[in-house]
Structures are given as structure tokens and as C-alpha cells.
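1. Provide a 3D model corresponding to the input given below.
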Amino acid sequence: MWPKFYFDWLRKSAPTGSVEIYPEISETFETNLPNVFVIGDLTGVPLLKLACESGVNVWNSIQSRNNDRYDAVIIGGGPAGISCALEGNRLGKKYLVLESNLPFQTIQSYPNQKPIFAEPKLYPTKSKLIIKDTTKELLLEDLNRYLKENPINIKTNQRVIHIKMDSIGYILETESGEKIETNAIVIAMGKSGDPKKLGIPGESSSQVFYRLIDPKDCLGQSVVIVGGGDTALEAVIQCSDYAKEITLVHRGAEFQRAKTENVNRIKRLEIDGKIKILYESQLTEIIQSAVLIKTKDKAVKIKTEMVFVLIGTLPPIGFLERVGIKLQNQKKLLDWVGFGALFSFATTAYFGKSAMYGPGWFSALATFASVISAICMIAFGVLYWKAGQFKSSFWKVFKSFYFVFVLGYFFFVYLSSTYFQFQLFGKTPSFHYTFLYSLTILVFGIRRILVRKTNYIFYQTLTLIGIQIFFLFLLPEIILPKLGENGLLGSEDGFIRREIFPGDAYWKAYGLILAWPLNMGVLYDGGITTFWLVYGLFMSFGLIPFLVYRYGKGAYCGWICSCGGLAETLGDEHRQKMPHSQTAYRLEHSGQYILFFAFVITLLKLVGVFGKSFLPILSLGEVFADSTKWIYDLAVDIGLAGVIGVGFYFLYSGRVWCRMFCPLASLMHIYARFSSFRIFSDKKKCISCNICTKNCHQGIDVMGYASRGIPMDSVQCVRCSACVSLCPTDVLRFGTVKNGHISYDRLDASGKES
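-> Down below sits the predicted model:
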């Protein structure tokens, strides 16, 4: 019972929502297929103004080719597609729009008199299509008038059913049998695919609808509406003037993700007796002229002539899968082969580094893993080539060759050292691994600065690069040994060589940055000096608690730690891969057990070291600790921190180790329970687009906080700023709360240009 109580205390009732599935696209809107782009709602941002802007901006990424084909075929004639076509006109491009129905059909399908909100209000627009606060009818009138005055090359009632890549570009086939050749494809078909369903008996009956067209259809009818988002609430509001009675069925205890004005209007209608709201309820069956509902307390039967299931829509998954576009978190053969290459490389690296200190089977395992990694890397290259990825952006090609260099470099270093007694530059594999680790943070850190153009990310990334290169590579591996050789660190009896680096153990310099228990060697030391005892205790139980209280766990995890440094740089492109399942949320607590194990063996070690001179029997504590420490070294330091932590980078987020297993992060979770750091939200501006949750590589349901206007205080937060900077409506801000007073951070973490 106590672990559950403890874990519930740590989580603080944090929301655990999931994420919607969309196509996997880059910052330039490109999919896994080279020169195939996705814009508009299908990117996951349900804002008409931003959909129009994506239609303009995508032309910056479309590669022009000198041939007779279209520069781009635009699939979809909604605001994004039409905006893209208008920009094509301005640029003098050869394009074609294929619309399966009529232009702006999605807007046409909105309920009559649906209000349109032109968010974000202050967003500078380059699109020729102007979106403003209005209603569906007036917006359609404006859009159609502008389109008539500025004609585009469009074919209506043309549904694309197949896309084939050839040696030049793509060939599209429509339902009518027409084949169209193009260099690039822009998919702007929106996300309103199939409606989400309840999956209950009777759902296919004629009284069930998944879209409200005209509220007047409800005149004099008994209506049941299922849902808790803006679509459902707006339907209730519109139907309330016509229906005889309305029952709103919502599975939640409150409307967490709906606009404040809609919630207020709904509650006023309930007070006025015009509607009835059933919270924490769900339909279990639909029968003729009635529905069966399971509420929090009982089961009820309600008579009804019309049932509206308005719980959202699914993206056009079927079409995307047919044409070969990869979905977010979808694992294909290329991903599994790449995972095999990286996972086996991590096995080689971490068991290979430890081979000189560990048992003989470490070398055998590392060598076997290096062969598997090489085979997987070759297979990955072949599949990558066949998928046409080498036709893609410079960055993708550069990144591929960089990984080949890293794997080849380390395999040469390890194999030559292990089997031929040759050490490159006279250094062990551990030195070369640290060099590659630092180089990777530098290379991918520069990329992060160039792509994520905010002041916060600029300074954070520079700090991570600086700490890694100087304190965690140059200082312990090059500077200190060189100073020691030249006698510049004093005599053996001097403070530096006696207390800080006893026996010229310069590797202890890592402990200046990497605190216990992430670096167990700081305190777990049979010959621990007074300096390391005081410094280790001060760092882990003094300085870090202060930083966490004032700035949140991310003050260390996001600005100092080497694990965080690699996650924020190499792992930046993969932050959307962190699972948000209930299993993942349960695994978050694994680190607490590891922390407990680390605490017990470290305490026993220190008690034995310092207590045996007073009470000899206390030496048994040290003996027991040393006899079990190998389990920690193998399972945690090598297995979880190394093989799992690095090996899972491209299959899942780079924060798998940090979120699930790191004992220092787990210690900081306790500190963070009392932290004054928060991420504040303006609920009125939240559009429940899920981008903040989707991009959190710590698995936090940020939208669950933001949509309710609750300050985000999850102990998992590492201040990466992704949720703040990527929010399309500037909902979120860093800050602190003390005695009820809110103070916002001076260093801007939003997406404003630095």
C-alpha cells in the first residue's frame, strides 16, 4: 500500500492524457517521403490562420527541378491548399490543386452560424487568405469572393487514390483514372477523416449522427449529445434554441479542453433548465428511441430521437498509409533496423568501455554486438537508399554519414585496442567514447540552435555544450593529466592531489558535475576523502535541492547534466516519440526503486568505511555493499543508463533513461514536490491542439494542465521549453509561485526569434 501512496504523492494527480496520431513531419513540413509535404490541420494545429500560413511557408522547402512536370501537386482545396496555390501564383510556379469535392468543403460542413476565431490574434500573416473573427457563412463568402477574383489552377471532384514514386518525382492517380506527374506533393486535405466512434451496440442505427449540419433539424426533438470538447458544446448551444430537450453526456468530471466562453454558456443553459449535463457518464447502448447510459452512481435510460456523437475525428490514416507516409510513433522496418544498429552499438560501447575492469564475457559480448551493429548499419543504408531518403534534405544526408563515422570510429578504436593492443593516440576506448559523446552534443547542439530560434534554447544549448566539452571531456581527459605530468597540481601531499584527485585519479573530475547517485563514485568510495564526502553531500543534498526548489528539476537535468545534454541535442528531433501510454506512466516510478537501492548500498558503504574503526562489526555493511554493487554497476550503470538510455534514442525519445530509471532524477522528483517552479497557462488562448503534450519528451500531459488553466507542476519537467516555444497561441510561460504570488521568468522561453 505504501508504494502506491508514495507514488500518488509524487505524481500530485498529474493528468495522463494520450496524444493524437498525425503524419510524422519535419520542421519544414516534409514527410518521410522526399519532397512530399503535409500542411494545414493534418499537422496537428487546428487553426485556420496557421493552416493558411503553412501553405505559404511550404514553398521554401519544395525543391525546384527543371523539367516538364508540375513543381507541386496540391491535394486538398481547403484554406491551406488554396493559400499554397495562391503563393504558387505569386512565385510563378507550375502547380495543380486536386480537390475531391469543392473548395473550402470542410468549412462548408461546419454547423450553420458556427463562430470562427482568428487565432493567434497577433500572428503576422503572409497568406493572401485573410482569416478574421466571424461566422462560417461570412467566412465562406469572403473566401469564395477572393478565390473568384484570384483564380487558381484547380480540378474539383478529383480524388487521389494512389501515389507512386519514380526516378524523377511522383505519379498521382485519381479516381477517374487520370495520371499526373509532379516533382513534389503537398497534402492539404485536412484531418477530418472518419469520425471517432463509441464502439457500442446500436451505434449504426439511423438516429445516430457524427456531425451537426443545421441546428434546425433538432426542432422539437429530444436530443442526446456525446462529447466534452468545443464541437460538442457548440452543438449544444446551437441546438438549445430548437430542441425540446437536450442531454449532454460527458465522460469527464469537468470540461477540461473546451473554451471558457463555451463552458460558461453551457453552464448558464443548465442553470436555465434548457439542458441537462451528465458528468462522468458514458453511453453503453443505443436502442430504438432511447439510449442507455452508465453514470457515476447508476445506469439510466433516456428517450431520444437524435444522438450526436461528437468526440472528434480521426486523420485520414488509410490514405496516408496507402501512399507510404509514416505516422508519428509508427515503427516500420527501417526504424527497427536502425534501432538494431544503435542498440547493438550502445552494447558495444558500454560493455567495451567496461571490459578492462569487468569479466571476460564483457569483451565477447561487445565484439558480438559490434558485428550485429555493422550488419544492421549496412542494411539500414540499403533500405534508406531504396526509400529515396538520400534525395532528401542536406541535414538528413549529413546525419546519416555522421552516424556511419561515429560507429566506424568507435568500432576501430575498440577492436584494435582489444585484439591488437593498439590504442589510437595512446588513449583507451573510454576516452574515445567521451570524445564522440562530446562531439555529438556539439554537432546536434548547433543544429538545435539553428532550428529552435529562441533566446532560451540558445543559452541553454550553449551551456550544455560548454559543460560537456570542458568539464566532462577536456578537463578530466586532457587538461588535468597534462597538468599532472608537468607537476602543476602540486605535490602528492598537497590538497589537490590528496583530497580531490587521490592517486592521480583524474576521472574523479566527473564528480564535480555528475552528482550522486547518477555518479555513484562521488560517495561510494572505500577511500573517500573529506573533500568528496563534503562536496558529494553538499551537491546532492544542498545545491541541487536549492536549484530544484527555485528553478525546477530542469535546472540540473536541462542545463547541466550530460544525459540531458545528449537528450536535448541528439534527441531533439525525436522528442515526439516518448510514449504517453498508461504503461509508460507506471514505468516512471522504476527510478524510485533504483534510488532506494543506491541509497542503501551507499549508506552501508559509508557506515562501514567510517564506522569500522569504532565498531568492527560495522565493516559487514561495507562487505555487503561491495558484494551487491556489481548488480548496480551491471544493471543500472551499463544496462539502463548506457545500453537502454542510448540504444532507445531513435525508437523512443532520448529521455527514456531520464524519465524512467535515473536515480538522481528520482531524487530530484522528491525535491520537485516542493518546488516553486511552474509552467503557467492562459486557458482562454488554449486551443487543445495537443502539440505541447506531443512534444514533451518526459511524457507530461501538458495540455491536461493548460486546457484547464492549472499551473503545470509535474516533477518530470526538465525545462526543455519545447511546450512553451512550440505552442502556436503562446499559451505557456515559465515562472514561479511563492505565497500565492506569480513571477514570470525573465529569460524568454517562447518561440520568438532571438
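
2. C-alpha from now on. contacts and neighbour counts both.
-> Noted.

3. just the pLDDT for residue 545.
-> We note a pLDDT of 97 for residue 545 in this prediction.

4. how much space separates it from residue 477?
-> According to C-alpha to C-alpha, to the nearest Å, residue 545 stands 29 Å off from residue 477.

5. equivalent analysis for residue 111, please.
-> From residue 111 across to residue 477, the span is 67 Å (C-alpha to C-alpha).

6. any low-confidence regions in the stretch 101-250 of the chain?
-> 192-194 (pLDDT under 70).

7. strands of that one, start to end?
-> Taking DSSP state E, counting those that start in this stretch to define them, one finds strands in the stretch 101-250 of the chain at 115-116, 134-135, 154-155, 160-165, 170-174, 179-182, 185-187, 208-209, 222-226, 245-249.

8. I'd like those strands written out as a markdown table, with mean neighbour count added.
-> Formatted as a markdown table, those follow (neighbours: other C-alpha atoms under 10 Å):
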| stretch | mean neighbour count |
| --- | --- |
| strand 115-116 | 17 |
| strand 134-135 | 16 |
| strand 154-155 | 18 |
| strand 160-165 | 16 |
| strand 170-174 | 19 |
| strand 179-182 | 18 |
| strand 185-187 | 26 |
| strand 208-209 | 17 |
| strand 222-226 | 25 |
| strand 245-249 | 22 |
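
9. quick one: closest of those strands to residue 496.
-> Ranking those by proximity to residue 496 (C-alpha to C-alpha) places strand 185-187 first, at 62.8 Å.

10. which residues of the stretch 301-450 of the chain score low on pLDDT?
-> By pLDDT under 70, the low-scoring segments of the stretch 301-450 of the chain are 388-392.

11. mind running it again at 90?
-> Within the stretch 301-450 of the chain, the segments meeting pLDDT under 90 span 311-335, 352-360, 380-401, 419-421.

12. one step back: mind putting the strands of the stretch 101-250 of the chain in CSV, distance to residue 96 included?
-> Conversion of the strands of the stretch 101-250 of the chain to CSV gives the following (distance: least, C-alpha to C-alpha, whole Å):
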stretch, distance to residue 96
strand 115-116, 28
strand 134-135, 29
strand 154-155, 6
strand 160-165, 13
strand 170-174, 12
strand 179-182, 9
strand 185-187, 10
strand 208-209, 34
strand 222-226, 40
strand 245-249, 44
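
13. of all those, which lies closest to residue 332?
-> Across the strands of the stretch 101-250 of the chain, residue 332 has its closest neighbour in strand 160-165 (18.3 Å, C-alpha to C-alpha).

14. and the closest one, which strands flank it?
-> strand 170-174 (antiparallel) (DSSP bridges).

15. show residues contacting the partner strand.
-> Outside strand 170-174, the residues that touch it by C-alpha atoms under 8 Å, 6 or more residues apart in numbering are 158-165, 179-185.

16. which of the residues you listed sits closest to residue 362?
-> Closest to residue 362 out of these is residue 165 (45.7 Å), distances taken as C-alpha to C-alpha.

17. phi, psi for residue 98 please.
-> Backbone torsions of residue 98, given as degrees, to the nearest 10, read phi -110, psi 120.

18. burial check on it, number of neighbours?
-> Using other C-alpha atoms under 10 Å, residue 98 is surrounded by 25 other residues.

19. so it is in contact with residue 152, correct?
-> No: if you go by C-alpha atoms under 8 Å, residue 98 and residue 152 don't touch, sitting 11.2 Å apart.

20. where do the contact lists of these two overlap?
-> Joint contacts of residue 98 and residue 152 (C-alpha under 8 Å, 6+ apart) do not exist.

21. can you list the domains in the protein?
-> In terms of domains, the chain is parsed into 2-17+667-744, 36-187, 208-309, 332-666 (source: automatic domain parsing).

22. would you turn those domains into JSON lines with distance to residue 318?
-> Output for the domains of the chain, formatted as JSON lines (distance: least, C-alpha to C-alpha, whole Å):
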{"stretch": "domain 2-17+667-744", "distance to residue 318": "22"}
{"stretch": "domain 36-187", "distance to residue 318": "11"}
{"stretch": "domain 208-309", "distance to residue 318": "19"}
{"stretch": "domain 332-666", "distance to residue 318": "16"}
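
23. looking at those, which is closest to residue 323?
-> Per C-alpha to C-alpha, nearest to residue 323 of these: domain 36-187, 5.5 Å.

24. who has more neighbours, residue 111 and residue 477?
-> residue 477 (22 against 19).
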